[in-house]
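Trainee: kindly generate the corresponding structure for this input.
(one chain, ligands or ions: 1)
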Amino acid sequence: MDSEILKELKTTCEGWRDTVEGLTEGSLIWCEECGDFSPVKGGRCENCCGLLDDGDEFATLWDLDAKVKILDITYRVGQNKKFLNGEICVGSGGPSIYIDTHEEAVCGYWGGDTYKACLSKSAVEAVNEMLEELYNN
Ligand SMILES: [Zn+2]
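Mentor: Got it, this is the predicted structure:
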């Protein structure tokens, strides 16, 4: 049986996985009410049912930093200093969460527990493209 910590770690990692996938697909908006990225249904936030402004646009991966704050980014580069892949830290301490394009997953660490929620190929590519742009600028 999974410990409570592992269960919570799993939920957190899978939540982040869904967020990254949704931001890649362009199916999420930022909901001020929830203070989170949320799916939309009939002009309302699917999480809190709050009515959305007409101006609400679908969020992209670039909104991650503006809305949730990227804590740190680690870039992996080759010997020629060319960007290969990297990881975005979006949580630290309890638990630590990384969107990792080398592992192709959202990786979570909490105490001695670890959990990996795999990302789709298109999400990995989209995150990696963003990281490469950040690295080169
Ligand atoms: Zn909401």
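Trainee: ok, the residue nearest to the spatial centre of the chain to the ion distance?
Mentor: Central residue of the chain (CA atoms, centre = their mean): residue 20, 4.2 Å from the mean position. Separation of residue 20 from the ion (CB to the ion, to the nearest Å): 19 Å. Any C-beta I mention is one placed from the backbone N, CA and C, and that applies to glycine too.
Trainee: ok, what's across the strand from residue 40?
Mentor: Here residue 40 sits in beta bridges with residue 45, going by DSSP bridges.
Trainee: ok, residues contacting the helix or strand bottoming out on mean pLDDT in the chain?
Mentor: Using mean pLDDT, DSSP states H and E, helix 63-67 stands out as the lowest-scoring helix or strand of the chain, at a mean of 88. Around helix 63-67, the neighbours that count as contacts under CB atoms under 8 Å, 6 or more residues apart in numbering are 23, 30, 37, 59, 70, 88, 90.
Trainee: those residues in helices, which ones?
Mentor: Of those, the ones assigned to helices by DSSP state H are residue 23.
Trainee: pick out the most distant pair among the contacts of helix 63-67.
Mentor: Spanning the widest gap among the contacts of helix 63-67 are 30 and 88, at 17.4 Å by CB to CB.
Trainee: right, I'll leave it there.
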